[in-house]
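In: give me a 3D structure for the following:
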Amino acid sequence: MGRKRIGSLNVLWAFSAIAMGVALFVVFLVVPREAVMGDLQRIFYFHVSSAWVGYLALLVGFVGSLLFLLRQELRWDRLAFCSVEIGLVFMTGAIITGSIWAKASWGVWWTWEPRLTTSAVLWTIYASYLTLRRALDDRGRRARVAAVYSVLGFISVPINFMAIRWWRTVHPLVFEGGGSNLTPAMLATLIFSVVTFTLLFAALLSYRLRLEHLGARVQQLKRY
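Out: Numbering: from 1, shown residues only. Predicted coordinates for the structure are as follows:
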């Protein structure tokens, strides 16, 4: 069974690597240059994809935490922890790429407009989640406290997503009124980039869960 899991993981990594290679080729060599920002606009595909995967990973973390509270099974706590860990990495990538884009568009690296402000709050909440886990030694108590924190902290995700729709903001809105502000080629490239980053997330989560499972087994053997 272990070999089958490793084989499936290797296949997932292979698909992710191929998709990422194609995405890089399309983003930098195929899709047309944007008329106003030029080549710098190409960072948009990585910015949106990173944000999407960050939201998805935090959603998985929320579901895992909720399932742990309902079923008290540590496998759901491990899922929540691993997914939040990965999600925070992607959200960090979204913030960094967004800052680079902001410097070119607005002339500043950061401004406290609604989307960026709620992004900072979201990042702080989930960074604190990881810090909280490290501060608690008892595995059962750590899982319970972290699960409650994760469920309550998830409210920051929909607020962050809806910030540019609820409040006046300088942040661009790509999809509005059932359509998008992108050309067909740009839209197709964005969709492919999002799918590629989603595959990468699935591969990373599978690998991270395996590591966490092996770590739990090692701790169990040490106790014996």
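
In: residues contacting the most centrally placed residue in the chain?
Out: Of all residues in the chain, the one closest to the mean position by Cα atoms, centre = their mean is Gly54, 1.7 Å from it. Each residue near Gly54 by Cβ atoms under 8 Å, 6 or more residues apart in numbering is listed here: 87-88, 90-91, 93-94. Where C-beta positions appear, they are placed from N, C-alpha and C, glycine not excepted.

In: mind giving me the packing neighbours of the lengthiest helix in the chain?
Out: The residue-count maximum for a helix in the chain (DSSP state H) belongs to helix 184-223. Helices and strands touching helix 184-223, as assessed by 3 or more Cβ pairs under 8 Å, 6 or more residues apart in numbering; DSSP states H and E, comprise helix 2-25, helix 43-71, helix 74-106.

In: just to revisit the earlier point, need the contacts of Gly54 in JSON lines (columns: neighbour count and distance to Val22).
Out: Converted to JSON lines, the contacts of Gly54 look like this (neighbours: other Cβ atoms under 10 Å; distance: Cβ to Cβ, whole Å):
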{"residue": "Gly87", "neighbour count": "25", "distance to Val22": "24"}
{"residue": "Leu88", "neighbour count": "21", "distance to Val22": "27"}
{"residue": "Phe90", "neighbour count": "23", "distance to Val22": "20"}
{"residue": "Met91", "neighbour count": "25", "distance to Val22": "25"}
{"residue": "Gly93", "neighbour count": "18", "distance to Val22": "19"}
{"residue": "Ala94", "neighbour count": "22", "distance to Val22": "21"}
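
In: so which of those is the closest to Phe44?
Out: Proximity of the contacts of Gly54 to Phe44 was ranked by Cβ to Cβ; the top entry is Ala94 with 11.2 Å.

In: my guess is that closest one contacts His47, does it?
Out: Yes. With contacts defined as Cβ atoms under 8 Å, Ala94 counts as touching His47 at a distance of 5.9 Å.
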